[in-house]
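J.: take a look and give me a structure for this.
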Amino acid sequence: YHVRRALNNRGELLDLFPKLIDSISARLWWVKSTHLVLNSLGGNDVRSIS
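T.: Here you go, the predicted model:
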């Protein structure tokens, strides 16, 4: 029973792992895109001021 439960837990961890990677990559992509948008907006502001 204990061994089977441990195997089940390991299976759950393996199921969670891809979701964890997906959320991390999605968060990184979100940070990158916001930085790009902010940079482009900042560049436009600087250009319009000068």
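J.: now the host helix or strand of residue 5: average pLDDT?
T.: Element membership of residue 5, judged by DSSP states H and E, is helix 2-49. Here helix 2-49 scores 81 as its mean pLDDT.
J.: next, count neighbours for residue 36.
T.: The local packing of residue 36 (other C-beta atoms under 10 Å) involves 10 other residues. Placement of C-beta: from N, CA and C, glycine included.
J.: what sits against it?
T.: With C-beta atoms under 8 Å, 6 or more residues apart in numbering as the criterion, no residue contacts residue 36.
J.: any idea how far it lies from residue 42?
T.: Residue 36 sits 11 Å away from residue 42, going by C-beta to C-beta, to the nearest Å.
J.: what do you get for residue 18?
T.: Distance from residue 18 to residue 42, by C-beta to C-beta: 36 Å.
J.: before we move on, what about residue 16?
T.: Taken as C-beta to C-beta, the span from residue 16 to residue 42 is 38 Å.
J.: could you do residue 5 as well?
T.: Taken as C-beta to C-beta, the span from residue 5 to residue 42 is 54 Å.
J.: one more: residue 25?
T.: According to C-beta to C-beta, residue 25 stands 26 Å off from residue 42.
J.: now swap in residue 19 and tell me
T.: 34 Å.
J.: next one: residue 24
T.: 27 Å.
J.: again, but for residue 32
T.: Distance from residue 32 to residue 42, by C-beta to C-beta: 16 Å.
J.: equivalent analysis for residue 7, please.
T.: Separation of residue 7 from residue 42 (C-beta to C-beta) stands at 53 Å.
J.: before we move on, what about residue 20?
T.: Taken as C-beta to C-beta, the span from residue 20 to residue 42 is 33 Å.
J.: how about residue 30?
T.: 18 Å.
J.: what do you get for residue 27?
T.: With C-beta to C-beta as the criterion, residue 27 and residue 42 are 22 Å apart.
J.: follow-up on the earlier one: how far off centre is the helix holding residue 5?
T.: Here the centre of helix 2-49 is set off from its chain's centre by 0 Å, with C-alpha atoms, centre = their mean, to the nearest Å.
J.: can you pull the buried residues of stretch 22-32?
T.: Under the neighbour-count criterion of 16 or more other C-beta atoms under 10 Å, stretch 22-32 has nothing buried.
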